[in-house]
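In: quick check, what structure comes out for this input:
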Amino acid sequence: MAGSAFSINGFLGFVITWRTCHIGHGQLGALSAPGVRYLLAGITAALFAVAVAGGLHSYRNWRRVSNLPTLYESESPGTAEFVSMLGVLCSTIFSIAIIWFCIPLVFLPVCARAH
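Out: Sure, this is the predicted structure:
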């Protein structure tokens with residue numbers, strides 16, 4: 001889930017930014033440059049929520065199949081535990097990557113971000 005959310009976020013960010021800056025004025029249809037920024041931030045926030053939800057789902061699965069009290073002490077002797085732990089780790093990494101992908105939205109204009 002998180003990997004798909006990260007990929008979709010990158011693809012939509014690329015397509016929207018490319019279309020916005022293709023003509024060079026920073027607008028997307030009726031949306032002004034700040035509107036495009038809010039659109040991209042909303043998409044990023046929604047996909048971040050999807051990535052976090054996938055991580056929480058993997059964590060619940062890990063808690064169900066594992067007998068260990070904390071994630072820090074985790075071991076994966078079985079396939080189900082390993083896959084659940086892998087889901088938690090991948091979701092964490094991709095959630096952080098989505099946040100890093102959103103940082104330029106805060107500091108850079110949309111078209112400067114595209115270059």
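
In: out of the helices and strands in this protein, which is least certain?
Out: When each helix and strand of the chain is scored by mean pLDDT, DSSP states H and E, helix 110-114 comes last, with a mean of 64.

In: how close does the residue most central in space within the chain get to residue 58?
Out: Compute the mean C-alpha point of the chain, and by C-alpha atoms, centre = their mean the closest residue is residue 98, 3.5 Å away. The spacing between residue 98 and residue 58, counted by C-beta to C-beta, to the nearest Å, is 16 Å. Quick note: C-beta positions are derived from backbone N, CA and C, even for glycine.

In: kindly report the same for residue 83.
Out: Here the criterion is C-beta to C-beta. By it, residue 83 lies 8 Å from residue 58.

In: give me the helices and strands touching the longest helix along the chain, please.
Out: In the chain, taking DSSP state H as the definition, the longest helix is helix 33-65. Packing contacts for helix 33-65, counted by 3 or more C-beta pairs under 8 Å, 6 or more residues apart in numbering; DSSP states H and E, involve helix 2-22, helix 79-107, helix 110-114.
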